[in-house]
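**Q** sequence and predicted structure are below.
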Amino acid sequence: MNDDILKVLYSREQIQDATEKMGKQITKDFEGKDPLVICILKGAAVFYSDIVREINTYCELDFMDVSSYGNETVSSGDVKIIKDLDTSVEGRNVLIIEDIIDTGRTLKCLVDLFEKRNAKSVKICTLLDKPDRRIEGIVPDYTGFKVPNEFVVGFGLDYMGHYRNLPFVGVLKPEIYADNQE
Ligand SMILES: O=P(O)(O)OC[C@H]1O[C@H](OP(=O)(O)OP(=O)(O)O)[C@H](O)[C@@H]1O
Ligand code: HPA
Ligand SMILES: [Mg+2]
């Protein structure tokens with residue numbers, strides 16, 4: 001698996017530092033607000049487990065599974081809810097945790113949904129932001145790194161279901177993508 005990586009963009013240590021910084025700020029901003037901290041599966045799972053342990057105030061955790069990429073490197077634009085929240089967002093301060101904002105379609109759909117469900121506030125924390133590819137006007141409140149316009153994998157992010165377990169964020173060798181384009 002490691003042989004498929006062309007280059008590492010963000011190491012485990014760099015991600016850890018960024019996560020600690022974001023956690024400190026989130027702790028300050030959400031003190032006394034008892035936020036509902038939502039993990040957007042599957043991509044955010046790895047980052048989520050780290051960031052929630054840096055939030056040093058009362059909060060509740062919940063999970064939602066949405067998907068728009070399937071096995072492609074380009075969003076289908078069709079955001080499907082595979083598993084909804086167990087908790088009501090009505091009157092709650094919501095903090096969405098994502099691995100990456102790319103076109104912004106996933107988050108636009110989620111922010112609209114939580115506003116329609118009468119959340120008190122909706123904020124976004126993302127490990128990675130790829131602003132060059134934005135279609136929807138989504139701006140995160142907490143960002144780990146701005147990434148160049150490349151398809152990245154690792155730390156929760158997949159290509160065809162693989163590489164989520166890499167402990168860093170990197171770029172695959174071009175032949176890996178080419179091998180899958182028939
Ligand atoms: O800004 P966008 O263009 O919408 O892309 C970002 C979304 O795409 C990926 O999820 P995906 O739909 O691939 O599902 P996954 O999290 O299960 O991998 C990623 O985890 C984000 O949720
Ligand atoms: O660059 C990416 N990598 C993996 N999954 C993604 N989903 C949106 N953008 C990406
Ligand atoms: Mg996702």
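**A** Done, it's in. Ligands and ions are numbered 1, 2, ... in the order given.
**Q** stretch 103-119 near ligand 1 at all?
**A** Yes. Under the criterion of CB under 6 Å from any ligand atom, stretch 103-119 makes contact with ligand 1 via 103-106. Where you see a C-beta, it was placed from the backbone N, CA and C, and this is true even at glycine.
**Q** in that stretch, what counts as buried?
**A** The neighbour-count criterion (16 or more other CB atoms under 10 Å) identifies 103-111, 113-114, 119 as the buried residues of stretch 103-119.
**Q** which one of these sits closest to residue 30?
**A** The nearest member of those to residue 30, counting by CB to CB, is residue 119 at 13.8 Å.
**Q** contact partners of the worst-scoring helix or strand of the chain on mean pLDDT?
**A** Among the helical and strand segments of the chain, the one scoring lowest on mean pLDDT, DSSP states H and E is helix 174-179, with a mean of 84. Taking contacts as CB atoms under 8 Å, 6 or more residues apart in numbering, the residues outside helix 174-179 that touch it are 4, 6, 73, 151, 159.
**Q** same question for stretch 36-47.
**A** Outside stretch 36-47, the residues within contact range by CB under 8 Å, 6+ apart are 15, 19, 48, 52, 55, 59-66, 82-83, 85, 87, 89, 92-100, 106, 110, 127, 144, 155-158, 164-165.
**Q** cross those against strands and list the overlap.
**A** Within these, residues falling in strands by DSSP state E are 60-66, 82-83, 93-100, 127, 144.
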